[in-house]
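Engineer: my questions are about this predicted structure, shown below with the sequence.
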Amino acid sequence: MIRIEVSACDFDIGAETAKVAEQGGGAIASFVGQVRDDGNLDTLELEHYPAMTDKALRAIAEAAQADWPLHAITIFHRVGKLSVGDNIVLVVTGSDHREAAIESCSFIMDRLKTVAPFWKKETGSDGSTKWIEERDSDVKASEKWQK
Amino acid sequence: MIRIEVSACDFDIGAETAKVAEQGGGAIASFVGQVRDDGNLDTLELEHYPAMTDKALRAIAEAAQADWPLHAITIFHRVGKLSVGDNIVLVVTGSDHREAAIESCSFIMDRLKTVAPFWKKETGSDGSTKWIEERDSDVKASEKWQK
Amino acid sequence: MGRSINLVYFAWVRERLGVEGEEISLRQGTETIDDVVNMLVERGGVYPDVLSDVSKLRFALDQDYATTESIVGSATELAIFPPVTGG
Amino acid sequence: MGRSINLVYFAWVRERLGVEGEEISLRQGTETIDDVVNMLVERGGVYPDVLSDVSKLRFALDQDYATTESIVGSATELAIFPPVTGG
């Protein structure tokens, strides 16, 4: 079962984890990404490409499902204006095996960072704005999964 | 911040994740292990060595803290009688970096499986009982972290 | 009959071009994304500034990633945006 | 004055020995965990059955893992149990 959600609203980690657990397996891995305080951040704005986002996230989930024995995958990504400490992204995977759950969760995050059509724009506490740039470490992390 | 809890009571994944997130970082990984239905299981009983358990879990958390830049670690392990679908174990790690959070969560689970003094006894639907045996795959998973 | 395509822009590409998207007629001989980008750059104005360095851009044809050499064919939407930074 | 040590048993070791633990006096010359196990095995009864194959057992001295060659020294608690299966 693949569940993809892109929303301006927050997610409930406990509820999302429970939904994945209901699909069986006994091994549930999750990752939550939040807006990190870099000391000078006021708000973070998440823009996306609505017509493509669901398709891109689903393709990542399907690739994970092809490579690991998973009962369920949830990818929840927020868009719009966020503040320090707000949730941005949640990935939950359920499997019979903890390695499969944890590895696929890591794979999904790495791929999401480099292929899902989201863009972050920071507004600093001084009012200045800046589009976040792609990081080499994210590109490398994503490439390591290529077969 | 290291939080270790061993309890007959259930844990709240959302609440535990939030506590780790409060310590900062923005990257929170978690793993939940539940009682898996093998088609013939009635109850699972978790025995432990109370005088040693906290010490052993704390040592695992401290080893993780030494190897990865972590803001917080929570390890929650249940004991006593459990049924299919019940939570057994929760590990949550918080870091600035998703790799550190996910890898350390995986490390803690692998080490926990082979060094934390817990023992599982299954009671089948026919009333027969059986102590679970150590699995080679768990031993190998734990050994791969040795430097 | 001339072919046309919907262009959609995101992030700083959108901000700097000052539009979210536009429909353009493709001139004869337009085959690749590169050809479309060259058409836009030749318009002058802000286009050369924003689109000349394609190494800083990513493309999607009908919501699938594509490269500058990809054939536009009968695609109806071409998205132009910077490398993604979600997650 | 004779030394003594608290033995604690877990899981099937506890079940098969029929006790959760016991305090025993160590005879002179007892140095390693192996020596303690041998003392217990020599008691007969269920002990040889449960404790003879030390490859199936794990040991902790004062709540730290130890091997059959570990020196008991002034430890006050020796735990004997099967490989752990938590998580």
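Structural biologist: Yes, it's here. Keep in mind that this is a model prediction, so the values were computed, not measured.
Engineer: which SS state does the closest residue to chain D within chain C fall under?
Structural biologist: Nearest residue of chain C to chain D (Cβ to the nearest Cβ) works out as C:Gly87 at 28.5 Å. Yep, even glycine has a C-beta here, placed from its N, CA and C like the rest. In terms of secondary structure, C:Gly87 is coil; the call rests on DSSP: H, G, I helix; E, B strand; the rest coil.
Engineer: give me the residue at the spatial middle of chain A.
Structural biologist: When Cα atoms, centre = their mean is applied to chain A, the residue found nearest the centroid is A:Val89 (4.1 Å).
Engineer: what helix or strand is it on?
Structural biologist: Secondary-structure element containing A:Val89, defined by DSSP states H and E: strand A:87-95.
Engineer: sorry, back to before: so the residue nearest to the centre of chain A touches A:Val35, yeah?
Structural biologist: No - the criterion here is Cβ atoms under 8 Å, and A:Val89 misses it with A:Val35 at 10.5 Å.
Engineer: how about the worst-scoring helix or strand of chain A on mean pLDDT and chain B, any contact?
Structural biologist: For chain A, scoring each helix and strand by mean pLDDT, DSSP states H and E identifies helix A:136-143 as the least confident one, at a mean of 93. Yes - judged by Cβ under 8 Å from any Cβ of the partner chain, helix A:136-143 and chain B are in contact via A:Ala141.
Engineer: next, the buried residues of that helix.
Structural biologist: Applying a neighbour-count criterion of 16 or more other Cβ atoms under 10 Å in any protein chain shown, the buried positions in helix A:136-143 are A:Asp138, A:Ala141, A:Ser142.
Engineer: give me the phi and psi angles of the closest residue to chain D within chain A.
Structural biologist: Closest approach of chain A to chain D (Cβ to the nearest Cβ) occurs at A:Arg98, with a separation of 8.1 Å. Main-chain dihedrals, A:Arg98, degrees, to the nearest 10: phi -70, psi -30.
Engineer: how many residues are close by the nearest residue to the residue nearest to the centre of chain A once chain neighbours are set aside?
Structural biologist: Nearest residue to A:Val89 in three dimensions, chain neighbours excluded: A:Gly33, at 4.3 Å (Cβ to Cβ, 6 or more residues apart in numbering or on different chains). A:Gly33 has 22 neighbours, counted by other Cβ atoms under 10 Å in any protein chain shown.
Engineer: repeat that for A:Asp96.
Structural biologist: Neighbour count for A:Asp96, taken as other Cβ under 10 Å: 15.
Engineer: what parts of chain A come near chain B?
Structural biologist: Within chain A, the residues that sit near chain B (Cβ under 8 Å from any Cβ) are A:12-15, A:17-18, A:21, A:24-37, A:85, A:96, A:98-99, A:101-102, A:105-106, A:109, A:141.
Engineer: now, of these, which are buried?
Structural biologist: A:13-14, A:17, A:21, A:24-36, A:98-99, A:101-102, A:105-106, A:109, A:141.
Engineer: residues touching stretch A:103-114, excluding its own?
Structural biologist: The contact list for stretch A:103-114 (Cβ atoms under 8 Å, 6 or more residues apart in numbering or on different chains) reads A:29-31, A:33, A:57, A:60-61, A:63-64, A:67-68, A:70, A:73, A:75, A:77, A:89, A:91-93, A:95, A:134, A:138-139, A:141-142, A:144-145, B:29, B:98-99, B:102, C:83-87.
Engineer: contact partners for the closest residue to chain A within chain C?
Structural biologist: Ranked by Cβ to the nearest Cβ, the top residue of chain C for proximity to chain A is C:Gly86, at 2.6 Å. C:Gly86 makes contact with A:Leu46, A:His48, A:His77, A:Ile88, A:Val89, A:Leu112, A:Lys113, A:Ala116, A:Pro117, A:Phe118, A:Trp119, A:Lys120 under the criterion Cβ under 8 Å, 6+ apart.
Engineer: quick check: the farthest pair among those residues?
Structural biologist: The two members of those with the most space between them (Cβ to Cβ) are A:Ile88 and A:Pro117, at 14.7 Å.
Engineer: what pLDDT does the model give A:Trp100?
Structural biologist: Check again: residue A:100 is Ala, not Trp. Each residue has a pLDDT score; the one for A:Ala100 is 98.
Engineer: quick one: it is in a helix?
Structural biologist: Yes - the assignment for A:Ala100 by three-state DSSP puts it in a helix.
Engineer: excluding chain neighbours, what is closest to it?
Structural biologist: Nearest non-adjacent residue to A:Ala100, counting by Cβ to Cβ, 6+ apart: A:Trp68, 4.2 Å away.
Engineer: now the one you found: how far from chain C?
Structural biologist: Counting by Cβ to the nearest Cβ, to the nearest Å, the gap from A:Trp68 to chain C is 19 Å.
Engineer: any idea how far C:Asp62 is from A:Ala61?
Structural biologist: Here the criterion is Cβ to Cβ, to the nearest Å. By it, C:Asp62 lies 20 Å from A:Ala61.
Engineer: the two: which has the busier surroundings?
Structural biologist: Just comparing C:Asp62 and A:Ala61: by other Cβ under 10 Å the higher neighbour count belongs to A:Ala61, 25 against 18.
Engineer: distance check, A:Val84 against chain C.
Structural biologist: When distance is defined by Cβ to the nearest Cβ, A:Val84 is 17 Å away from chain C.
Engineer: my error: substitute A:Gln34 in the last question.
Structural biologist: Counting by Cβ to the nearest Cβ, the gap from A:Gln34 to chain C is 11 Å.
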